[in-house]
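# give me a model of this one.
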Amino acid sequence: MKENTNTQVDFEWQAIQIAKELTVAKLSNASVASSTEEVGEHIGKMFLAIHKEVKKSFTNSDK
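Numbering: from 1, shown residues only. So this is what the prediction gives:
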């Protein structure tokens with residue numbers, strides 16, 4: 001019986017994990033004293049922007 005050695009990478013999952021790590025790193029260096037709805041929205045937008053760029057880098061890495 002031949003063993004399957006093909007490895008598939010879930011790029012969406014990897015992009016989420018990388019974006020999460022970058023967002024957490026950025027926030028750990030920030031001086032946000034309180035957490036309001038506005039701050040939460042800003043963090044969410046920042047995460048989505050990072051995630052978008054990480055996904056783009058995966059797509060562009062094949063070129």
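# low-confidence ranges, the chain, go.
1-8, 32-33, 61-63 (pLDDT under 70).
# can you give me the helices for it?
Assigned helices in the chain, in chain order: 11-28, 37-60 (criterion: DSSP state H).
# okay, the angle between the shortest one and helix 37-60?
Pointing back at helix 11-28 there. Calculated by axes from the mean of the first three to the mean of the last three C-alpha atoms, to 10 degrees, helix 11-28 forms an angle of 140 degrees with helix 37-60.
# which elements pack onto helix 11-28?
helix 37-60 (3 or more C-beta pairs under 8 Å, 6 or more residues apart in numbering; DSSP states H and E). Quick note: C-beta positions are derived from backbone N, CA and C, even for glycine.
# just checking, what packs against the helix it packs on?
helix 11-28.
# thinking again about what came up before, mean neighbour count added to the helices of the chain, as JSON lines?
Formatted as JSON lines, these follow (neighbours: other C-beta atoms under 10 Å):
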{"stretch": "helix 11-28", "mean neighbour count": "13"}
{"stretch": "helix 37-60", "mean neighbour count": "13"}
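# with adjacent residues omitted, what lies nearest to the most centrally placed residue in the chain?
Centroid check for the chain by C-alpha atoms, centre = their mean gives A19 as the closest residue, at 1.6 Å. Of all residues not flanking A19 in the chain, H51 sits nearest, at 3.9 Å (C-beta to C-beta, 6 or more residues apart in numbering).
# same question, F47
Leaving aside its sequence neighbours, F47 sits nearest to T23 (C-beta to C-beta, 6+ apart; 4.7 Å).
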